[in-house]
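Asker: give me the fold of what follows.
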Amino acid sequence: MRAAINYYATAGRGDYAGTYRMLANVDKRHYSQAEWIRANQALDSAAARYVVHSATRVNSRRVYVDVTVYLADGSSFERQTSFIWEGGEWRHDLTGEERTMSDNAL
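Answerer: The predicted model follows:
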């Protein structure tokens, strides 16, 4: 899925203002852009490498995306993320796990 690949490439470049623009509106209401940038800087999201493996369409408005996150320390983990069709484009809709991780970084 192109939107997920673009999102994670943007995160990998450290363009957190760019990833903020790609968030679902519900997540933009939860985080200001400054908070989002601060959380991603604290998590050092740019130091990770993201590999999108698959996308599963749930319905016409939601897709689940499977991603492997490779951290700078050599470890990795699998994550399933969600993208929703909103405002004429696919936007990253944070999962509970992603929101908790970001909240804890603030």
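Asker: CA only for contacts and neighbour counts going forward, please
Answerer: Fine.
Asker: tell me the centre residue of this structure?
Answerer: Nearest residue to the geometric centre of the chain (CA atoms, centre = their mean): H92, 5.8 Å.
Asker: measure it to A46 for me?
Answerer: Separation of H92 from A46 (CA to CA, to the nearest Å): 17 Å.
Asker: quick check: closest non-adjacent residue to A47.
Answerer: Spatial nearest neighbour of A47, chain neighbours left out: A72 (5.7 Å); criterion: CA to CA, 6 or more residues apart in numbering.
Asker: let's verify the one you found: helix, strand, or coil?
Answerer: coil (DSSP: H, G, I helix; E, B strand; the rest coil).
Asker: quick check: T19 touching Y7?
Answerer: Yes - using CA atoms under 8 Å, T19 is in contact with Y7, at 6.1 Å.
Asker: nearest spatial neighbour of A11, chain-adjacent residues omitted?
Answerer: Closest to A11 by CA to CA, 6+ apart is A46, at 5.8 Å.
Asker: any idea how far Q80 is from that neighbour?
Answerer: Using CA to CA, A46 is found at 19 Å from Q80.
Asker: these two - which one has more neighbours?
Answerer: Ranked by neighbour count (other CA atoms under 10 Å), A46 and Q80 place A46 first, with 20 against 16.
Asker: give the contact list for that one.
Answerer: 11-14 (CA atoms under 8 Å, 6 or more residues apart in numbering).
Asker: how near is the residue nearest to A47 to D66?
Answerer: 20 Å.
Asker: between these two, point out the one with more neighbours.
Answerer: D66 (18 against 13).
Asker: doesn't R79 make contact with that one?
Answerer: Yes - the criterion here is CA under 8 Å, and D66 meets it with R79 at 5.9 Å.
Asker: find the nearest non-adjacent residue to E35, please.
Answerer: Using CA to CA, 6+ apart, the nearest residue to E35 is L106, at 7.2 Å.
Asker: so that neighbour is in contact with Q41, correct?
Answerer: No - under the criterion of CA under 8 Å, L106 makes no contact with Q41, lying 9.8 Å away.
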